[in-house]
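A.B. asks: need a 3D model of the following:
(one chain, ligands or ions: 2)
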Amino acid sequence: MGDRNWFSEQEERGLDVARAQAFLGRFQIETPSWGYGDSGTRFKVFRQAGVPRTPLEKLEDAAVVHRLTGACSKVAIHIPWDRVDEYANLRAYAQEVGLTIGAVNPNLFQDDDYRLGSLCHPDARVREKAVAHIEECIAAAGEVGSDTISLWLADGTNYPGQDDFRARKHRLLETLSRVYGKLPVGMRLLIEYKYFEPAFYHTDIPDWGTALLLARRLGPQAQVLVDLGHHPHGANVEQIVVNLLDERKLGGFHFNSRRYADDDLIVGAADPYELFLIFAELVKAEFVHTDLQDDARQIAYMIDQSHAIEPKIPAMIRSVMNVQTALAKALLIDFGALATAQASGDVLAAEGVVRDAFELDVRPLLRRVRELAGAPPDPLQAYLRSDYPQRILARGMGGQGWN
Ligand code: PSV
Ligand code: MN
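C.D. replies: Numbering: from 1, shown residues only. Ligands and ions are numbered 1, 2, ... in the order given. The predicted model follows:
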């Protein structure tokens with residue numbers, strides 16, 4: 001079927017393809033600077049030739065992903081991995097290559113002082129150090145033109161009795177409040193939760209409920225960040241998304257895919273249906289539960305992946321394409337038919353409406369969206385056929401990694 005026929009066929013089915021096209025045309029997803037660097041498991045960091053050696057080279061790679069997808073104009077940075085003498089230069093270089101800096105991520109997990117935690121550490125000196133680091137990131141965010149601090153803590157304990165849960169919670173609230181007080185107007189603090197790792201017995205922010213509680217206690221500039229890789233097996237992430245949206249506290253996403261833990265695999269690789277169901281709820285907030293529209297529109301969509309065995313740039317492009325595919329399918333759910341089926345208690349019809357959208361081939365729509373954005377119809381093929389993969393080999397081995 002030609003692309004033209006595809007459009008008329010969907011319109012005949014009563015689907016609002018023009019609305020979906022416009023939404024996809026606006027949709028942007030931030031890529032992470034660390035996703036361009038060397039990465040691995042806790043057993044081995046695999047070095048690849050051509051990996052960026054500096055924060056500026058990471059921006060160059062991110063710019064290629066943006067040019068080919070038309071959807072990734074922002075890059076998240078991680079401090080100190082992306083620490084530079086002059087953040088204004090980082091901002092200027094990002095602009096030069098057609099990007100802006102997105103979320104600034106403090107690093108509170110790679111310093112010997114953080115062995116027993118950072119913001120929850122029993123020693124006030126270490127807590128001070130962690131607070132000072134986040135303050136440095138807030139200042140850096142101002143300089144690079146970012147309005148988002150994205151905070152993940154590795155804090156937790158390995159053994160029963162190692163520390164006092166309540167004392168740790170109070171330390172966390174106290175330190176977070178101080179950090180929150182330093183946020184300039186308009187800057188958000190996104191709080192990420194993680195059910196497990198690297199602490200084995202408990203983590204201080206294990207779930208969305210705890211993150212929500214903290215965000216509520218802090219104030220309107222604090223929101224929750226959902227990282228798809230951070231849940232227990234079987235968690236219904238789409239329900240979490242709905243709860244956070246309904247509480248007006250959903251601030252952002254870290255997209256990735258996982259099999260067992262925080263594997264940082266290509267988003268939508270193992271679990272495309274889950275990704276689609278998450279987008280179904282986000283699309284609903286835009287077009288069905290329209291009282292949530294403003295909340296849905298300020299969500300920061302970000303990829304958080306460190307590719308260990310895959311070549312970095314194609315893996316990032318594939319990730320962006322998978323996100324766009326899931327979103328396109330969600331945009332083409334027949335929400336009217338769904339509401340009718342739900343209201344009449346027709347379980348199979350309701351499930352069928354959702355499944356129908358998932359099974360739709362949305363490539364013609366995505367090709368058109370890319371064409372309108374000035375991007376190639378197949379960004380991944382365009383990358384592989386370009387001379388960029390060859391050109392970056394001149395960088396050699398020994399690029400920057402996550403440690
Ligand atoms: C931790 O697992 C995490 O999801 C946080 O977002 C970190 O900042 C990121 O991964 C990179 O390690
Ligand atoms: Mn994350």
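A.B. asks: please enumerate the strands of this structure.
C.D. replies: Counting by DSSP state E, the chain has strands at residues 31-32, 39-40, 45-46, 74-79, 100-106, 148-151, 156-157, 188-192, 202-203, 222-227, 250-255, 300-303.
A.B. asks: using TSV, please lay out those together with distance to residue 12.
C.D. replies: For every residue, glycine as well, the C-beta is placed using N, CA and C. Formatted as TSV, the strands of the chain follow (distance: least, C-beta to C-beta, whole Å):
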stretch	distance to residue 12
strand 31-32	37
strand 39-40	47
strand 45-46	50
strand 74-79	37
strand 100-106	40
strand 148-151	42
strand 156-157	55
strand 188-192	42
strand 202-203	51
strand 222-227	36
strand 250-255	33
strand 300-303	31
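A.B. asks: export these to TSV and append columns for distance to ligand 2, mean neighbour count and mean pLDDT.
C.D. replies: Converted to TSV, those look like this (distance: least, C-beta to the ion, whole Å; neighbours: other C-beta atoms under 10 Å; pLDDT from 0 to 100):
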stretch	distance to ligand 2	mean neighbour count	mean pLDDT
strand 31-32	9	28	98
strand 39-40	13	20	88
strand 45-46	18	14	90
strand 74-79	10	24	98
strand 100-106	8	25	98
strand 148-151	8	26	98
strand 156-157	16	22	98
strand 188-192	5	24	99
strand 202-203	13	20	98
strand 222-227	4	25	98
strand 250-255	4	26	98
strand 300-303	8	24	98
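A.B. asks: got the ones you listed as JSON lines, with distance to ligand 1 columns?
C.D. replies: Below are the strands of the chain laid out as JSON lines (distance: least, C-beta to the nearest ligand atom, whole Å):
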{"stretch": "strand 31-32", "distance to ligand 1": "7"}
{"stretch": "strand 39-40", "distance to ligand 1": "9"}
{"stretch": "strand 45-46", "distance to ligand 1": "13"}
{"stretch": "strand 74-79", "distance to ligand 1": "6"}
{"stretch": "strand 100-106", "distance to ligand 1": "5"}
{"stretch": "strand 148-151", "distance to ligand 1": "7"}
{"stretch": "strand 156-157", "distance to ligand 1": "12"}
{"stretch": "strand 188-192", "distance to ligand 1": "5"}
{"stretch": "strand 202-203", "distance to ligand 1": "11"}
{"stretch": "strand 222-227", "distance to ligand 1": "5"}
{"stretch": "strand 250-255", "distance to ligand 1": "6"}
{"stretch": "strand 300-303", "distance to ligand 1": "9"}
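A.B. asks: quick check: buried residues in stretch 50-66?
C.D. replies: The neighbour-count check on stretch 50-66 (16 or more other C-beta atoms under 10 Å) flags 50-52, 55-66 as buried.
A.B. asks: no wait, stretch 210-230
C.D. replies: 210-215, 218, 221-230.
A.B. asks: with stretch 108-126 instead?
C.D. replies: Residues of stretch 108-126 classed as buried: 108, 114, 116, 117, 118, 119, 120, 121, 126 (neighbour count, 16+ other C-beta under 10 Å).
A.B. asks: what does it rub up against?
C.D. replies: Stretch 108-126 has contacts (C-beta atoms under 8 Å, 6 or more residues apart in numbering) with 127, 129-131, 133-134, 151-156, 163, 167-169, 171-172, 175-176, 198, 204, 403.
A.B. asks: make a ChimeraX selection of the buried ones in these.
C.D. replies: With 16+ other C-beta under 10 Å as the criterion, this ChimeraX line picks the buried residues out of these:
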select :127,129,130,131,133,134,151,152,153,154,155,156,163,168,169,171,172,175,176,204
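A.B. asks: which ones among the contacts of stretch 108-126 lie within helices?
C.D. replies: Those of the contacts of stretch 108-126 mapping onto helices are 127, 129-131, 133-134, 167-169, 171-172, 175-176, per DSSP state H.
A.B. asks: ok, which pair from those residues is furthest apart?
C.D. replies: Greatest spatial distance among those (C-beta to C-beta): 133 and 167, at 21.6 Å.
A.B. asks: which bits of the stretch 101-250 of the chain sit near ligand 1?
C.D. replies: 105, 152, 192, 194, 227 (C-beta under 6 Å from any ligand atom).
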